[in-house]
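[1] could you work out the structure for the sequence below:
(one chain, ligands or ions: 2)
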Amino acid sequence: MALSIGIVGLPNAGKSTVFNALTRASVAVASYPFTTIEPHHGVVPVPDRRIEEIAAVTHPERTVPATVDFVDIAGLVRGASRGEGLGNQFLAHIREVDAVAHVVRCFPDPDVPHVEGAVDPVRDIEVVETELALADLATLEREIERLQSRMRAHEAHALENLERAVAVAEQLKGGMQIRRLPPDPERDALLRPFRLLTAKPVVYVANVAESDLPDGGPGAGRVRGYASQVSAAAVVLAAKLEAEAAALPAQESVEFLGAYGLQEPALWKLIQAAYRLLDLVTFFSTVSKEVRGWSVPRGTKASEAAGKVHTDMERGFIRAEVINWETLVKAGSLRAAHDRGQVRLEGRDYVVQDGDVILFRFAV
Ligand SMILES: Nc1nc2c(ncn2[C@@H]2O[C@H](COP(=O)(O)OP(=O)(O)OP(=O)(O)O)[C@@H](O)[C@H]2O)c(=O)[nH]1
Ligand SMILES: [Mg+2]
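    Ligands and ions are numbered 1, 2, ... in the order given. Reported below is the predicted structural model:
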């Protein structure tokens, strides 16, 4: 399963609008709460100028960018952790993703009702994060009970683990999101199987009125302030405008966004932030007249990366011929790079680096 980022937030925050803009898919968008019931998965191309630069020296018939998976999740409301709204159903969907894009409504539109009655970005963030923390607390409390009975049975490490779980539960009660706790490998190993919601890395997305572009106005300022307090990233965008721009041909889209002071879609920043949160790297293949980007988790080995391109390549892996994209571009052609001895031969355990151009040699 590819790593994915879930779009989370209150109802009517603009989550599906962001998702539509990302995928240009037409997921139901409506001005009433709970339009999205089942999560929608979308595969989103990652804007990457390197791919065109590589293409300029390898002359493929087409280029295909790397992708990142986004999931549009139903809105959550106060009380969700106790089953309000769509309650546990959507919490389960958040559990499955690897990182969170938290969409925060900053646009005032009177035609779009707000579940809390009025626009207030920081309160909204806190409503959502409180529910996520309460859901985590419920998970931990079940684990604490289990560990207590293990301890009574004198099982090894039960006491240490119990103490760890209790300490985390106390932090959650005090309003702490788990991702902000100082690193602790043993605690993290204990908690990992539970996929706790507040442990997932987060980027805040301030969804602002287009009249507040490009900087986003006071609402975006509050979201940025909150994000920096908790050492997280924030992206400012106007979801409706981004969705309109995404539906236009490339050149028109540039002019359209330009009129609002945007050089490129603000969505690109969101995609790049997602990429960083998921800790993905991109390598490029130049086979079959195609330059293609592939996203893999940092630390992926050459043989696993080969498997991403084709399962035969992993099974019959012989070696990888690797060159950094920029070295290739400077050499002017793959041939010239070979002649200069700039293409390295690497084995199956080679750890793929961001920006590698790789040709896999394999036997079927
Ligand atoms: N004015 C304005 N309206 C927006 C913006 N983004 C979304 N909307 C509107 O807000 C309403 C709700 O948007 P959705 O994207 O469906 O919201 P959601 O967060 O997916 O809502 P649920 O799925 O119900 O949780 C729609 O009418 C959108 O057109 C925006 O940037 N500006
Ligand atoms: Mg929705």
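[2] need phi/psi at the residue of the chain found nearest ligand 1.
    Of all residues in the chain, the one sitting closest to ligand 1 is Gly75 (2.3 Å; C-beta to the nearest ligand atom). No exception for glycine: its C-beta is placed from N, CA and C like everyone else's. Phi and psi for Gly75, reported as degrees, to the nearest 10, are phi -70, psi 150.
[3] ditto for Gly293
    The phi and psi values for Gly293, taken as degrees, to the nearest 10, are phi -90, psi 150.
[4] if we ignore the residues flanking it in sequence, what's nearest it?
    Closest residue to Gly293 apart from its sequence neighbours, by C-beta to C-beta, 6 or more residues apart in numbering: Ala66 at 3.4 Å.
[5] quickly note the distance from that neighbour to Leu237.
    21 Å (C-beta to C-beta, to the nearest Å).
[6] between the two ends of stretch 54-65, what distance do you get?
    12 Å (C-alpha to C-alpha, to the nearest Å).
[7] for the record, mean pLDDT for that stretch?
    Averaged across stretch 54-65, the pLDDT comes to 92.
[8] which residues are in contact with it?
    The contact list for stretch 54-65, computed with C-beta atoms under 8 Å, 6 or more residues apart in numbering, reads 45-48, 51-52, 284, 286, 289-293, 325, 328-329, 331-334, 357.
[9] of these, buried ones?
    46, 48, 51, 284, 286, 291-293, 325, 328-329, 331, 334, 357 (16 or more other C-beta atoms under 10 Å).
[10] circling back to that earlier point, from the contacts of stretch 54-65, which land in helices?
    51-52, 325, 328-329, 331, 334 (DSSP state H).
[11] now, among these, which is nearest to Arg164?
    In terms of C-beta to C-beta, no member of the ones in helices among the contacts of stretch 54-65 lies closer to Arg164 than Trp325, at 43.3 Å.
[12] okay, the buried ones among the contacts of stretch 54-65 in a markdown table with distance to ligand 2 and pLDDT next?
    As requested, the buried ones among the contacts of stretch 54-65 are arranged in a markdown table below (distance: C-beta to the ion, whole Å; pLDDT from 0 to 100):
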| residue | distance to ligand 2 | pLDDT |
| --- | --- | --- |
| Val46 | 23 | 90 |
| Asp48 | 28 | 92 |
| Ile51 | 31 | 95 |
| Phe284 | 34 | 97 |
| Thr286 | 39 | 89 |
| Val291 | 35 | 93 |
| Arg292 | 31 | 93 |
| Gly293 | 29 | 94 |
| Trp325 | 37 | 97 |
| Leu328 | 42 | 97 |
| Val329 | 41 | 97 |
| Ala331 | 48 | 96 |
| Leu334 | 45 | 91 |
| Val357 | 39 | 97 |
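[13] JSON lines for those residues, including distance to Phe317?
    Converted to JSON lines, the buried ones among the contacts of stretch 54-65 look like this (distance: C-beta to C-beta, whole Å):
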{"residue": "Val46", "distance to Phe317": "25"}
{"residue": "Asp48", "distance to Phe317": "26"}
{"residue": "Ile51", "distance to Phe317": "24"}
{"residue": "Phe284", "distance to Phe317": "18"}
{"residue": "Thr286", "distance to Phe317": "18"}
{"residue": "Val291", "distance to Phe317": "21"}
{"residue": "Arg292", "distance to Phe317": "18"}
{"residue": "Gly293", "distance to Phe317": "20"}
{"residue": "Trp325", "distance to Phe317": "22"}
{"residue": "Leu328", "distance to Phe317": "22"}
{"residue": "Val329", "distance to Phe317": "27"}
{"residue": "Ala331", "distance to Phe317": "25"}
{"residue": "Leu334", "distance to Phe317": "20"}
{"residue": "Val357", "distance to Phe317": "17"}
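[14] which two in the residues you listed are spaced the farthest apart?
    Val46 and Ala331 (24.7 Å).
[15] outline the domain layout of the chain.
    Using automatic domain parsing, the domain parsing of the chain gives 4-36+73-136+191-277, 280-362.
[16] and these, which one is worst for confidence?
    domain 4-36+73-136+191-277 has the lowest average pLDDT among the domains of the chain, namely a mean of 89.
[17] what about that one, start to end distance?
    End-to-end for domain 4-36+73-136+191-277, by C-alpha to C-alpha: 10 Å.
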